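> got a structure for you, letters missing:
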């Protein structure tokens, strides 16, 4: 019985949260008034609750963030952050990417309370509940506001899709899978072993 309860709890955590119904377009000021204890994202004035990440999500995020930190910050190329941190793209658009990178030349967008503007790189780790949200809605949003590269990490497929902004949209450069090494036009000489990222250690 206890095992089933835990299993059901895990499944519930992955249930897709829908938009909170709104009769008006919410702003960043409204977003800041939301009750604490939950993560939210605001897109075009519509509010969405972001579920807590799974253990596998956290493991992957930790490994990827460590790799980026060692490459970027050790070379003084900029700053790397992980969720939860508010990225304010407009009065009506506020997101919390899993991992982000802001280049040295653009550190001015990093403020005390949040990041005001598009990061150079955004990484989202997909889950059952948010896969389409990340693949479609947030991809369009990041393209619109000038994110240079967007990586979509899929723990189930064990792939990383690297996309780049061509001025209109984020186009797929390559999907890296098992046995390959990720590279990035944004980060010359950076290399990430895909198998090591997804290696199960728990």
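Thanks, I have the structure now. Here the structure is a predicted model, which is why all the values come from computation and not from measurement. Residues are numbered from 1 along each chain as shown.

> In the protein, where is pLDDT below threshold?
For the chain, residues meeting the criterion pLDDT under 70 lie at 1-23, 201-202.

> which residues in it form strands?
Assigned by DSSP state E, the strands in the chain fall at 19-20, 39-43, 46-50, 78-82, 87-90, 93-95, 99-103, 115-116, 121-125, 149-154, 159-165, 170-176, 181-184, 187-193.

> for this protein, what's the longest helix?
The single longest helix within the chain, with elements called by DSSP state H, is helix 55-72.

> Please point out which parts of that helix sit buried.
Using 16 or more other CB atoms under 10 Å as the test for burial, helix 55-72 gives 57, 59, 60, 61, 63, 64, 65, 67, 68, 69, 71, 72. C-betas here are computed from N, CA, C, even on glycine.

> List of residues touching that helix?
Residues from elsewhere that reach helix 55-72, judged by CB atoms under 8 Å, 6 or more residues apart in numbering: 53, 77-80, 82-83, 98-99, 101, 123, 125, 127, 153, 155, 187, 190, 192, 196-198, 201-202.

> ok and it relative to strand 121-125, angle-wise?
With axes from the mean of the first three to the mean of the last three CA atoms, to 10 degrees applied, the angle from helix 55-72 to strand 121-125 works out at 160 degrees.

> Helix 55-72 versus strand 78-82: what angle between them?
Between helix 55-72 and strand 78-82, the angle comes out at 170 degrees (the same axes, to 10 degrees).

> residues touching residue 73, list them.
Applying CB under 8 Å, 6+ apart, the residues contacting residue 73 are 79, 80.

> From residue 33, how far off is it?
The span separating residue 73 from residue 33 equals 34 Å under the rule CB to CB, to the nearest Å.

> quick revisit: can you add distance to residue 139 and give the buried residues of helix 55-72 back as JSON lines?
Formatted as JSON lines, those follow (distance: CB to CB, whole Å):
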{"residue": "57", "distance to residue 139": "19"}
{"residue": "59", "distance to residue 139": "24"}
{"residue": "60", "distance to residue 139": "19"}
{"residue": "61", "distance to residue 139": "19"}
{"residue": "63", "distance to residue 139": "23"}
{"residue": "64", "distance to residue 139": "18"}
{"residue": "65", "distance to residue 139": "21"}
{"residue": "67", "distance to residue 139": "23"}
{"residue": "68", "distance to residue 139": "20"}
{"residue": "69", "distance to residue 139": "25"}
{"residue": "71", "distance to residue 139": "24"}
{"residue": "72", "distance to residue 139": "23"}
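
> Does residue 91 touch residue 27 like I think?
Yes - contact criterion CB atoms under 8 Å: residue 91 and residue 27 qualify, at 5.1 Å.

> Across the sheet, point out what pairs with residue 80.
Counting by DSSP bridges, residue 80 forms beta bridges with residue 101.

> Hmm, residue 98 and it touching each other?
No - between residue 80 and residue 98 there is no contact, the gap being 11.4 Å when judged by CB under 8 Å.

> Burial-wise, tell me which of the strands of the chain comes out on top.
Highest mean neighbour count of these: strand 121-125, a mean of 25 (counted as mean count of other CB atoms under 10 Å).
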